[in-house]
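Enquirer: Return a 3D structure for these sequence lines:
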Amino acid sequence: MDLPDELDDYGFEDYGPDCDSMRLTAFLDIPGQDNLPPLTRLEKYAFSDNIFNRQIIARGLLDVFRDFSNKEEDFLTVMEMVVRLSEDAEPTVRTELMEQIPPIAIFWQENRSDFPVVFSEYLIPIVVRYLTDRNNQVRKSSQEVLLILLEQDLIFQHDIENKVCPVLLELSAPDSDEEFKAEAVNVICRMASMLSKSTVEHLLLPRFCELCGDEKLFQVRKVCAKNFGDICHAVGQEATEKFLIPKFFELCSDNVWGMRKACAECFMAVSYTTSPEVRRTTLSPLFIRLISDPCRWVRQAAFQSLGPFISTFASPARAGLYVCEDGTLSTRPQTQDLDTDFASRLPSPESCVHTSSASSTKPVRIEPDLPMEGISTETSDFMHVGSSSTGLIENPMENSASAGAELTRLSPEASPFSKLLDINDLPINSHPGPDSCACPGNSKDVFNNFLYWRTPLPDISRDLELFLSKAGLREEGCSRPETNSCVASSEIQKVLDSLQEHMMNDPDVQAQVQVLSAALRAAQLDSVNEPESKVSEGLDEVSISDPGSASDSQMTLSASSSPDELSVARASPRSDLAEPRNGTSDHLETEQRHDCTPLEENESKLQDIIPQPLLDQYVSMTDPARAQTVDTDIARHCAYSLPGVVLTLGRQNWHCLKDTYETLASDVQWKVRRTLAFSIHELAVILGDQLTAADLVPIFNGFLKDLDEVRIGVLKHLYDFLKLLHEDKRREYLYQLQEFVVTDNSRNWRFRYELAEQLILILELYNPNDVYDYLMHIALKLCADKVSEVRWISFKLVVAILQKFYSNSESALGLNFISELIVRFRHCSKWVGRQAFAFICQAVVSEECVPVDQFVEHLLPSLLSLASDPVPNVRVLLAKALKQTLLEKAYFRNAGNPHLEVVEETVLALQSDRDQDVSFFATLEPKRQNVMDTTVQEK
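Expert: Residues are numbered from 1 along each chain as shown. Prediction:
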């Protein structure tokens, strides 16, 4: 038996866990008392009774293969030893052996032509066998090694399908050990992304679906839920929708709240793999259910995933933007923008002709600048801006019936209501927007984003006619058959009764009930107020002949409107614009506008890009009540995902999120405002210059005066934001830039460092005169900063300013700046300033930003005068500037150069300097110089 100190003579006491960089098998080369050859000695210690000996051999296997791979016979002997060592009874030895397999495999791949055969025959069986090892540490080690080998693409397809997968399937079988099953599921989920689609779909997918319904172990289901998105990505869209979505529904309804929480966390990854139709009709209602989950932790995870889930609805073709490789947003070229291409074929707003009925063929033009009733000035301005900025002619503002129809399309469960809303009998007409246009008598020609980008809805007009004729909805006494304004109250009441039971938890049904309630009241008024029929008929005739006037006299119905309010709204005449308006009509119009306000606010939130309930829930994240019932950081999660949601909806639907953004920007938590500050430049790219100037610039100005924690977000992307503004708007910030120099904490030097970096980029946005009047003074102040890092980056800013002047032929400004530099730094009383002057001169020569004649005339004499400076640090930097930069330029290497002699004399004087560092750098040749930092360590 080997004694514990048997190997002391070979230096084993020097080998420990931290000796990986040493050659562990060096002891084999030392002739011992046994006089055995190295290979025999290796076998002796590999099978020693001393555990430490076997651990050392297992840990040094890579060195062993490097030593004994030259001869095939020695290689086979070592491999037999490895196989025997893999059967060691000590778990620590097996663990050490397993950890060496990846580097050994890489070594074989690089040095052996028969790598596939050898690796498959010897090492793969060891890895697979260790997956079923009784020791937990060995199993964990083998699982990690397996994933590393798959990630490095070292295991071949044949071995995966015939050796690895069968073992994992056996371990995850229903009758398998619980601990082994949970570990096998985790390995299957993690390796799915590294395997081919066919392998996962045919071998692993059936077992994964089976494990999702495992009733014994919730740990198994939880692992499946956490990795559900990775499996969906591995198998693709078709298999996801066919096999995985049903299982996902089961997991989202699991009794254990941890399962539902895990589903909420991976919802975006699952949605990304599905088709738009499944995403809209299947996953959206499921997500709404998770947001309404009784468990707070599930709701919290769902709200955190709401923004990312909404972002999966994004379409680059619709948004006109695409994500670059570096993660930044960029405007999509016109040739790739389908929306722009489609919009180019539409008539311009000025040439739009509006008619409301086929019976009226007289074209009526609506002035685009005419304000409309029921639409606020702010919303009207947005619609005008959005149309011009996107190149699309859209009408995001619609009446309550149109809103209900859109919501019904998004929620296919309420089909009876959708049939009723498509009838023109309801006394509700649509509001044409100021920039919208419609072709005569054909509403299908109006561009609608929902209809254009999605599968056309089936034609149910004949079914509607049959339904109406059987229901007896048309009354014989109707005096206006062309408008179809008479709907039987009883039929609407039946639909309302059928929807009441679904009203509590479904926002779509609530909106539908509101519209139908208003329609029912209007129908009852028609049957009660017979004396008013003539007035109503006159108004309807106006609405047919002049839709522009009709839009002005339009009313918006709400569920809370009383019959008296409705009658007042119906009696407000705005069709006769030529008549002078008396006080009564003004009063009636004021009441009408007041009654329409609540529903107008709801209409302003409508869009057709994503299901409306998702947007409603996202907007509600700013509600203070959510912070109490869901998560105190819910507003920050809302702010974090806001750019993705805006990109999804597009700039034409910015009105849906504008109030939310303003609420977040004024949030009391600085972390919320900081999040917005870091992303405001991306939001500006999405919205375009007009909306940026109108809505983002005021918030940007507020961030400039906020806490430093918020201002740093604006500062880091200051150039990105300013370059998106018009030149006049950009010049307004010239004076405000100097406010960044002042911080709440003077020790926050990184803030000033970031300012200098941004100013280097911002120089290109302003003309030389503005740079001289404003930015130059900021640069000089930063050059005198107390922190050296800020000063060094500021010196680069000074060089960039000089380059700006001379590249734009502003020599006078350049000379004035040079004079200022000489006064401030060359003649500075502190040695740090004089050292800065030497560095600036070196950078000027290196970047060649100043003409040579200007440099030798104005800067060189002052630079050479530093040779007599009493501080060695100044002379060190002077020596570097002359020897490493100045004399390397072709101009100074010319023997006929009149300035060469004085420069060489200065260098000679520095070479004999009493300070060793100065003489060293003055003597050091540039080609022999090692890479050194140009900065000098300050003591």
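
Enquirer: show me the contacts for F248.
Expert: Contacts for F248 (CB atoms under 8 Å, 6 or more residues apart in numbering) come out as 228, 263, 270, 286. Backbone N, C-alpha and C define where each C-beta goes, glycine included.

Enquirer: Other residues contacting the helix or strand containing the third one?
Expert: Translated: V270. V270 is part of helix 267-273, with elements assigned from DSSP states H and E. When contacts are defined by CB under 8 Å, 6+ apart, helix 267-273 is touched by residues 228-230, 232-233, 236-237, 240, 244-245, 248, 279, 283, 287, 290, 302, 305, 308-309, 311-312.

Enquirer: average pLDDT across the very next helix or strand once past that helix?
Expert: As assigned by DSSP H and E, the chain's next helix or strand after helix 267-273 is helix 276-278. For helix 276-278, mean pLDDT is 94.

Enquirer: got the CA coordinates for the helix holding V270 in CSV?
Expert: C-alpha atoms of helix 267-273 as CSV (Å, rounded to 0.1, in the frame of the first residue of the first chain):
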residue,chain,number,x,y,z
PHE,A,267,-44.9,34.4,-22.8
MET,A,268,-43.0,36.6,-25.2
ALA,A,269,-40.8,33.7,-26.4
VAL,A,270,-43.8,31.6,-27.1
SER,A,271,-45.6,34.4,-28.9
TYR,A,272,-42.6,35.1,-31.0
THR,A,273,-42.8,31.6,-32.5
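
Enquirer: For the buried ones among the contacts of helix 267-273, write the corresponding ChimeraX selection.
Expert: In ChimeraX syntax, the buried subset of the contacts of helix 267-273 is picked out as below (16 or more other CB atoms under 10 Å):
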select :228,229,230,232,233,240,244,245,248,279,283,287,290,302,305,308,309,311,312
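
Enquirer: So which of the contacts of helix 267-273 sit within helices?
Expert: When DSSP state H is applied, the contacts of helix 267-273 are split such that 228-230, 232-233, 237, 245, 248, 287, 290, 302, 305, 308-309, 311 fall in helices.

Enquirer: Nearest to N186, out of the residues you listed: which one, please.
Expert: D230 (11.5 Å; CB to CB).

Enquirer: what residue ranges in the stretch 551-700 of the chain are flagged as low confidence?
Expert: For the stretch 551-700 of the chain, applying pLDDT under 70 flags the ranges 551-605.

Enquirer: What segments of it are helices?
Expert: 563-570, 583-603, 612-619, 624-629, 634-649, 658-665, 670-691, 697-704 (DSSP state H, counting those that start in this stretch).

Enquirer: Kindly calculate the angle that the last one makes with helix 658-665.
Expert: In this case it means helix 697-704. 10 degrees (axes from the mean of the first three to the mean of the last three CA atoms, to 10 degrees).

Enquirer: got the CA positions of helix 697-704 in PDB?
Expert: This file holds the C-alpha atoms of helix 697-704, laid out as PDB (Å, rounded to 0.1, in the frame of the first residue of the first chain):
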ATOM      1  CA  VAL A 697     -39.000  68.000 -26.400                       C
ATOM      2  CA  PRO A 698     -40.900  69.400 -23.400                       C
ATOM      3  CA  ILE A 699     -40.200  66.100 -21.500                       C
ATOM      4  CA  PHE A 700     -36.600  66.200 -22.600                       C
ATOM      5  CA  ASN A 701     -36.300  69.700 -21.200                       C
ATOM      6  CA  GLY A 702     -37.700  68.500 -18.000                       C
ATOM      7  CA  PHE A 703     -35.200  65.700 -17.800                       C
ATOM      8  CA  LEU A 704     -32.400  68.200 -18.300                       C
END
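
Enquirer: What helices and strands are in contact with that helix?
Expert: helix 658-665, helix 670-691, helix 708-716 (3 or more CB pairs under 8 Å, 6 or more residues apart in numbering; DSSP states H and E).

Enquirer: can you give me the angle it makes with helix 708-716?
Expert: Helix 697-704 runs at 120 degrees relative to helix 708-716, counting by the same axes, to 10 degrees.

Enquirer: Next: the longest one.
Expert: Per the same axes, to 10 degrees, the angle that helix 670-691 makes with helix 708-716 is 30 degrees.

Enquirer: follow-up on the earlier one: I'd like the helices and strands packed on helix 697-704 as a markdown table, with distance to Q219 appended.
Expert: Output for those, formatted as a markdown table (distance: least, CB to CB, whole Å):
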| stretch | distance to Q219 |
| --- | --- |
| helix 658-665 | 38 |
| helix 670-691 | 34 |
| helix 708-716 | 41 |
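
Enquirer: and A890, which of these is closest to it?
Expert: helix 708-716 (39.7 Å).

Enquirer: Residues in contact with the following helix or strand past the closest one: which ones?
Expert: Remark: after helix 708-716, the chain's next helix or strand is helix 718-722, criterion DSSP H and E. Here helix 718-722 makes contact (CB under 8 Å, 6+ apart) with 680-681, 684, 700, 714, 730, 733, 758, 761-762, 765.

Enquirer: After helix 718-722, which helix or strand is next?
Expert: Remark: after helix 718-722, the chain's next helix or strand is helix 727-731, criterion DSSP H and E.

Enquirer: Following the chain past that following helix, name the next helix or strand.
Expert: With elements assigned by DSSP H and E, the helix or strand that comes after helix 727-731 is helix 749-762.
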